[in-house]
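J.: Okay, sequence plus prediction incoming.
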Amino acid sequence: MQNSRIATRGLVLLGCGKMGSAMLAGWLARGLPASSVWVIEPYPSNWLKGTGVDLSGDLPDNPAVVLVAVKPQMMAEALPTLRAMGNSETVFVSVAAGITIDFFEKMLGADTPIVRAMPNTPAAISQGITAIIGNAAAGRQALAEAEALLSAVGEVVRLEKEAQIDAVTGVSGSGPAYVFHMIETLAQAGEAEGLPPDMAMQLAKATVAGAGALAKAASETPSQLRVNVTSPNGTTQAALDVLMDEEDGFPALLKRAVKAAAERSRELGNG
C-alpha cells in the first residue's frame, strides 16, 4: 500500500482488537512501514507487540489518518485524547458501529475530515466489504485514503448519504451471522435426513463457501445461477418451492431480518 502522506506523517490506530488487528495485518502485508504506524491499545497482544509498530503512546502531532476501532461504549472516553488533532488535515476514519458523524464533529470539531465506515467480520481473512461515507470536510483525498486503507481487508463501496449505513448494517454488517446460521441449520437438516453430524457440517460449509465464491466470480447473476442448477420438477425445484414461498420463505424472512437489524442500527445511532 503506497501512500506517501501516510508513510510520511503516519497513521494512528485507536484500538487494536479483532477488526483493528485484521486491518493492521492487511496494511503491513501491503507494504505500509511499521515505523509509520502508532497504535493505542491498553492490552496489546503478543502479535501486536511483534509487528514493530509504535506502542509508546507518544503520538505524532499531525498524522495523516486516525483510524478509530475502539468499541462504541469506549468512544466517549477514548476520543477526547485525540481532540487536539481535530479541525486539521488529519482524517478520522471510524469503524465503530452506531457512532454518527455528528458525534465525531461535536467531539473533534466540525472542520475535521471524518469518514464513517461499516466493515464486516470476513475482513479478518481479507474477504470483507466496507461501506464508507464522509462529512463535508472530507474531500476527495480523504475518501481516497480511507478507501485505500479499508481495501486492505476487502472490497469498499461509497454511500451517497449517512442514513444508508443502517441498511448496510442489515445486509453486510450483520449479514455474515445470517450465513453462519444458514450453515448451522443446513447441517442440522442433513442430520435429520440421516447424515453423520461431521459430514453434514462439512457438506454445509463447503456448499455455502463454494456457492458464494461462484456467485462472486461468475458473470451471470445469482438469479441465473439458481436457474442453472434447477431442473424442472427436480430435487432443487422441490426445495426452492419451499424456500421461495412469498409468505414463509426467504423473501419474507430475510426482508424482516434485514429490517430488524437496520432499525436497531438506527436506534443505536440515536443514542
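T.: Here it is on my side, so go on.
J.: Run through the helices of the stretch 51-200 of the chain in chain order.
T.: 75-78, 101-108, 140-150, 164-168, 175-192, 197-217 (DSSP state H, counting those that start in this stretch).
J.: so what secondary structure elements neighbour the second one?
T.: Spelled out, it's helix 101-108. Secondary-structure packing of helix 101-108 (3 or more Cβ pairs under 8 Å, 6 or more residues apart in numbering; DSSP states H and E): strand 91-94, strand 114-118. All C-beta atoms are positioned from the backbone trio N, CA, C, and that covers glycine.
J.: and the first one, which strands flank it?
T.: Yep, that's strand 91-94 we're talking about. When pairing is defined by DSSP bridges, strand 91-94 lines up against strand 65-68 (parallel), strand 114-118 (parallel).
J.: can I get those strands in TSV with distance to residue 59?
T.: Shown next, in TSV, are these (distance: least, Cβ to Cβ, whole Å):
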stretch	distance to residue 59
strand 65-68	9
strand 114-118	18
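J.: mind giving me CSV with those and columns for mean pLDDT and distance to residue 24?
T.: Formatted as CSV, the strands paired with strand 91-94 follow (pLDDT from 0 to 100; distance: least, Cβ to Cβ, whole Å):
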stretch, mean pLDDT, distance to residue 24
strand 65-68, 95, 9
strand 114-118, 96, 15
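J.: Okay, buried residues for the one helix or strand residue 26 maps to please.
T.: Taking DSSP states H and E as the definition, residue 26 sits inside helix 18-29. Of the residues in helix 18-29, 19, 20, 21, 22, 23, 24, 25, 26, 27, 28 count as buried by neighbour count, 16 or more other Cβ atoms under 10 Å.
J.: wait, which of the residues you listed is closest to residue 122?
T.: The nearest member of the buried residues of helix 18-29 to residue 122, counting by Cβ to Cβ, is residue 22 at 9.3 Å.
J.: Starting from the longest strand that the chain contains, tell me which strands it pairs with and how they run.
T.: Secondary structure of the chain per DSSP state E: the longest strand is strand 128-134. Here strand 128-134 has these sheet partners by DSSP bridges: strand 114-118 (antiparallel), strand 154-158 (parallel).
J.: How about residues contacting it?
T.: With Cβ atoms under 8 Å, 6 or more residues apart in numbering as the test, strand 128-134 has contacts from 22, 93, 95, 101, 113-123, 142-143, 146-147, 150, 153-162, 164-165, 168, 172.
J.: With stretch 23-34 instead?
T.: Residues external to stretch 23-34 that are found in contact with it (Cβ under 8 Å, 6+ apart): 1-3, 6-7, 11, 13, 16, 37, 39, 48, 51-53, 67, 69, 95, 123, 126, 149-150, 152-153.
J.: could you redo the last one with a cut-off of 6 Å?
T.: By Cβ atoms under 6 Å, 6 or more residues apart in numbering, the list of residues contacting stretch 23-34 from outside reads 1, 51, 52, 53, 126, 152, 153.
J.: what's the answer for stretch 72-83, then?
T.: 66, 70, 96, 97, 98, 99, 107.
J.: CSV please, covering those residues and showing distance to residue 181 and neighbour count.
T.: CSV is the format used below for the contacts of stretch 72-83 (distance: Cβ to Cβ, whole Å; neighbours: other Cβ atoms under 10 Å):
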residue, distance to residue 181, neighbour count
66, 35, 25
70, 28, 24
96, 25, 24
97, 19, 16
98, 22, 20
99, 27, 20
107, 36, 18
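J.: and residue 84, which of the helices of the stretch 51-200 of the chain is closest to it?
T.: helix 101-108 (9.4 Å).
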